[in-house]
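[1] sequence and predicted structure, then a few things I'm wondering about:
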Amino acid sequence: MTTIHVDQKVITQINVFEVDPRDQDALASLLIESARHTCDIQGWISASVHKSLDGKRVTNYAQAAGQASMEAILGKLRKDGIFERIQQISKPSPGLYVCVFSLSADRTH
């Protein structure tokens, strides 16, 4: 389950991909395949894939329990050629983050 809490050891990769609208569904499917391909790695927490309404972007929100787990996940994707397949149909813009603030409608923080 996606975890959004301040001061957690959770590392979040947010990656916004620019994509030709004709390739948006293919990219979303590839990112879903990537999540299923890595979900057995120790420390893997979650992955969410979002498609923009204009068809020009796909955003992937992936979480791991620390830097070492995230590096293992990314390493497996790199080693197995999935990054290369993603780059063939999109322009990724990844970043690694930790949460510093979160507020939700239920007001539990």
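    Thanks, I have the structure now.

[2] show me the contacts for residue 4.
    Applying Cβ atoms under 8 Å, 6 or more residues apart in numbering to residue 4 gives the contacts 99, 102. Where you see a C-beta, it was placed from the backbone N, CA and C, and this is true even at glycine.

[3] model confidence at it, what's the number?
    Among the per-residue scores, residue 4 holds a pLDDT of 80.

[4] could you look up the SS state of it?
    coil (DSSP: H, G, I helix; E, B strand; the rest coil).

[5] phi first, then psi, for it.
    phi -130, psi 100 (degrees, to the nearest 10).

[6] how much space between it and residue 19?
    25 Å (Cβ to Cβ, to the nearest Å).

[7] show me where this structure has its strands.
    11-19, 44-51, 57-64, 90-97 (DSSP state E).

[8] need the winner for burial among the ones you listed.
    strand 57-64 (a mean of 22; mean count of other Cβ atoms under 10 Å).

[9] by contact count, what packs against that strand?
    Contact analysis of strand 57-64 by 3 or more Cβ pairs under 8 Å, 6 or more residues apart in numbering; DSSP states H and E lists strand 11-19, helix 24-38, strand 44-51, helix 67-79 as its packing neighbours.
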